[in-house]
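Chemist: Output the structure for:
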Amino acid sequence: MKLSELAEKTFSTIECGDADLEITSAAGLDIAANGEITFLANLKYTPQIKTTEASAIFLNENAKIEREDIAILRAKDSYLAYTRALRIFNPEPKLNPSIHKNAVIDETAKIADSVEIMANAVIGKNCEIAENVKIYPNATIYDGVKIGANSVIHSGVSVRENCEIGENCTIHNNTIIGSDGFGYAKDEQKKWLKIPQVGRVVLEDNVEIGANTAIDCASVGETRIKSGAKIDNLVQIGHSCTIDEDALICSQTGLAGSSIIGKRVILAGQVGIAGHLKVGDDAILTAKSATSHDVEPGKIISGVPGFDNRDWLRSTAAFRRLGEMSKTIRELAKRLSELEK
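Modeler: Next up is the predicted model:
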């Protein structure tokens with residue numbers, strides 16, 4: 001692809017370099033080769049520009065480099081432009097409409113013509129599979145499931161009964177959509193009595209779920225993951241939770257039942273959310289944080305229990321000096337005691 005065409009498709013402009021330069025791929029600064037385009041977004045990687053073999057580079061509007069042998073494409077967001085380039089050079093595999101002879105499909109299921117269903121996939125009663133859906137080997141689709149157009153279900157995934165998957169969704173390997181919620185009542189003999197989990201999970205459009213994640217169905221009603229939300233590997237979403245639009249939930253995060261996560265919220269790795277809490281729009285919980293109270297919109301929370309990130313940074317800085325502070329206090333106490341004598 002010519003540099004000029006790539007610039008147009010990535011909404012960037014050529015600052016220097018041959019517009020007819022052929023670009024074949026995109027790669028990071030440290031591994032990019034001749035004919036490839038790279039990017040610089042974090043200035044701490046600037047020294048790598050001296051040794052990169054890339055033929056072109058995406059730069060933010062104010063970034064500068066000291067090489068004249070690399071074509072420069074200016075972008076408002078170099079990382080976003082690079083991502084678009086990666087998508088151009090690495091398109092999704094084309095669908096091969098077909099149903100493998102070893103797939104098991106109930107006769108009551110409604111299957112569109114333009115689907116690809118691979119070996120040993122199982123599709124239950126009264127399912128509805130829309131156009132251009134791709135289901136990989138050994139996926140299990142329980143009774144009454146609906147899967148929207150252009151969605152991809154990878155191998156080992158289980159979509160439990162009556163759940164609904166929207167359009168353009170991707171569910172990665174060994175994830176379970178609609179597993180039983182963790183609900184029990186204690187009986188007269190103080191034994192745990194399982195509460196029937198008869199709700200469902202709904203994934204709206206453009207949702208992506210990582211590998212080995214569990215999203216529990218509601219005891220009644222639904223657990224809902226709204227449009228554009230992205231959920232990482234090894235995440236637990238409890239029963240009756242709501243994840244709002246474009247939220248980002250990172251690996252090993254756990255949400256107790258009935259949590260409400262707002263729009264564009266970011267929950268970093270190993271975050272814990274107690275049950276029946278609300279995290280407001282655009283809030284961020286940093287890694288290893290946990291909260292037992294509602295979080296206001298736009299707040300950045302850190303620590304256990306979580307509190308304002310700026311206060312947390314000051315607290316951790318003080319914590320590292322506790323040994324020194326303790327010694328100082330003992331010395332001051334000793335001097336005070338001597339003065340009092």
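
Chemist: those helices in the chain, which residues are they?
Modeler: 3-9, 78-89, 309-319, 322-340 (DSSP state H).

Chemist: Which one, of the ones you listed, ends up nearest to Glu208?
Modeler: When the helices of the chain are compared by C-beta to C-beta, helix 78-89 sits nearest Glu208, at 14.0 Å. C-beta here means a position set from N, CA and C on the backbone, and glycine is covered the same way.

Chemist: And that closest one, what does it pack against?
Modeler: helix 3-9, strand 25-26, strand 36-40, strand 56-59 (3 or more C-beta pairs under 8 Å, 6 or more residues apart in numbering; DSSP states H and E).

Chemist: and of the ones you listed, who's closest to Ser227?
Modeler: Using C-beta to C-beta, the helices and strands packed on helix 78-89 put helix 3-9 closest to Ser227, at 25.0 Å.

Chemist: who does the closest one touch, helix- and strand-wise?
Modeler: Going by 3+ C-beta pairs under 8 Å, 6+ apart, helix 3-9 lies up against strand 13-16, strand 71-74, helix 78-89.

Chemist: now that helix: mean pLDDT?
Modeler: For helix 3-9, the mean pLDDT works out to 97.

Chemist: Please point out which parts of it sit buried.
Modeler: The neighbour-count check on helix 3-9 (16 or more other C-beta atoms under 10 Å) flags Leu3, Leu6, Ala7 as buried.

Chemist: Return the residues in contact with Asn150.
Modeler: By C-beta atoms under 8 Å, 6 or more residues apart in numbering, Asn150 lies in contact with Ala130, Glu131, Asn132, Val133, Glu167, Asn168.

Chemist: Now do the same contact list for the first one.
Modeler: So that's Ala130. For Ala130, the contact set (C-beta under 8 Å, 6+ apart) comprises Ala112, Val115, Lys146, Ile147, Gly148, Ala149, Asn150, Ser151, Glu167.

Chemist: now the fourth one
Modeler: Residues touching Val133, when contacts are defined by C-beta under 8 Å, 6+ apart, comprise Ala112, Val115, Glu116, Ile147, Gly148, Ala149, Asn150, Ser151, Val152, Ile153.

Chemist: Of those residues, keep whichever come out buried.
Modeler: Members of the contacts of Val133 classed as buried by 16+ other C-beta under 10 Å are Val115, Glu116, Ile147, Gly148, Ala149, Asn150, Ser151, Val152, Ile153.

Chemist: Contacts only, for the fifth one.
Modeler: Right, Ala149. Ala112, Ala130, Glu131, Asn132, Val133, Glu167, Asn168.

Chemist: Put together JSON lines for those residues, with distance to Glu296 and pLDDT on each row.
Modeler: Shown next, in JSON lines, are the contacts of Ala149 (distance: C-beta to C-beta, whole Å; pLDDT from 0 to 100):
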{"residue": "Ala112", "distance to Glu296": "45", "pLDDT": "97"}
{"residue": "Ala130", "distance to Glu296": "39", "pLDDT": "98"}
{"residue": "Glu131", "distance to Glu296": "42", "pLDDT": "97"}
{"residue": "Asn132", "distance to Glu296": "41", "pLDDT": "97"}
{"residue": "Val133", "distance to Glu296": "40", "pLDDT": "98"}
{"residue": "Glu167", "distance to Glu296": "33", "pLDDT": "98"}
{"residue": "Asn168", "distance to Glu296": "32", "pLDDT": "98"}
